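Undergrad: Predicted model and sequence below, questions to follow.
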Amino acid sequence: MIRVILFEDNNNLRESLSLYLAGSDGIFMLGSYPDAREAVKIVRQQKPDVVLMDIEMPHLSGIQAMINIRQAVPDAKILIQTVFEADDKVFQAICGGASGYIIKTTDPEKYVQAIKEVNDGGSHLSPSIAAKVVKMFQSKFVKDQPTFIELTNREKDVLGCLTKGLSYKMIADTCGISYSTVNTHMKNIYEKLHVNSAPEAVVKAIEMRLV
């Protein structure tokens, strides 16, 4: 079972999403909270596998709460959710160590999918967010002299799909391989690029002109 904690200030969304996740196979809801002031304490006590964090909340922003959690629990897996797609928010979340970034949606199954991907050691980037990451780093952060990284053709295919915001399941369907094989390729990509999350892999891939 994937142990999940939700931080969300919208009461209706928090309650409905909590109920849906609690009834989903393979997920166990540890609790849901309207703000993240006690986030570090809660995460330390309850030891969730995945933290679902709203980016904008009263008292303490989701980004700052994520940074606080990562400082206290470096291995914490945090999935940021938001209705905002502002470049600065995306950049702050990625630099702060987000394991994934999902746009709030009326389809709760997308949350289940994202949570499972993050728990598996991967990540989740909504397509619109992936596109913003690509645009930001192509225009501002691409190095003049790329470093050579030897990736297999299949790893390049998987990485290319990742930069388009495809989920692991979608990558598997697109490349004609199994979900577990995608996971294996991603682990190899992380090792070769010296990164720990999909957002970092996308950034590094663009920086090194691998895609």
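TA: Right, received. Where do you want to start? The shown structure was predicted, so the numbers you read here are calculated from the model rather than taken from an experiment. Numbers count the residues shown, from 1 in each chain.

Undergrad: Using CSV, write out every CA atom in stretch 67-87.
TA: What follows is stretch 67-87, C-alpha atoms only, in CSV (Å, rounded to 0.1, in the frame of the first residue of the first chain):
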residue,chain,number,x,y,z
ILE,A,67,11.7,22.7,1.0
ASN,A,68,11.2,22.4,4.8
ILE,A,69,10.2,18.8,4.4
ARG,A,70,13.1,17.9,2.1
GLN,A,71,15.6,19.5,4.6
ALA,A,72,14.2,17.4,7.4
VAL,A,73,13.5,14.3,5.4
PRO,A,74,15.8,14.3,2.3
ASP,A,75,14.2,11.2,0.8
ALA,A,76,10.7,12.5,0.9
LYS,A,77,8.7,12.1,-2.3
ILE,A,78,6.6,15.2,-2.9
LEU,A,79,4.1,15.7,-5.7
ILE,A,80,3.2,19.3,-6.2
GLN,A,81,-0.4,20.1,-7.4
THR,A,82,-1.6,23.5,-8.6
VAL,A,83,-3.9,25.4,-10.9
PHE,A,84,-1.0,27.7,-11.7
GLU,A,85,1.4,27.2,-14.6
ALA,A,86,3.5,30.3,-14.0
ASP,A,87,7.1,29.8,-15.0
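
Undergrad: any idea of the mean pLDDT in it?
TA: Over the span of stretch 67-87, the pLDDT mean works out to 83.

Undergrad: Could you check it and say which residues are buried?
TA: I67, N68, I69, R70, V73, A76, K77, I78, L79, I80, Q81, T82 (16 or more other CB atoms under 10 Å). Where you see a C-beta, it was placed from the backbone N, CA and C, and this is true even at glycine.

Undergrad: C-terminal to the least confident helix or strand in the chain by mean pLDDT, what's the next element?
TA: Here the helix or strand of the chain ranked lowest by mean pLDDT, DSSP states H and E is helix 127-140, holding a mean of 62. Note on helix 127-140: by DSSP states H and E, the next helix or strand toward the C-terminus is helix 153-163.

Undergrad: what residues does the next helix or strand after that following helix touch?
TA: Helices and strands here follow DSSP H and E; after helix 153-163, the next one along the chain is helix 168-175. Identification of contacts with helix 168-175 by CB atoms under 8 Å, 6 or more residues apart in numbering yields 113, 117, 120, 122, 154, 157-158, 161-162, 166, 178-179, 181-183, 186.

Undergrad: and those, which are buried?
TA: Looks like the contacts of helix 168-175 have 113, 117, 120, 122, 157-158, 161-162, 166, 179, 181-183, 186 buried, using 16+ other CB under 10 Å.

Undergrad: and the residue nearest to D120 when sequence neighbours are not counted, what element?
TA: Leaving aside its sequence neighbours, D120 sits nearest to N183 (CB to CB, 6 or more residues apart in numbering; 5.9 Å). Using DSSP H and E, N183 sits in helix 179-193.
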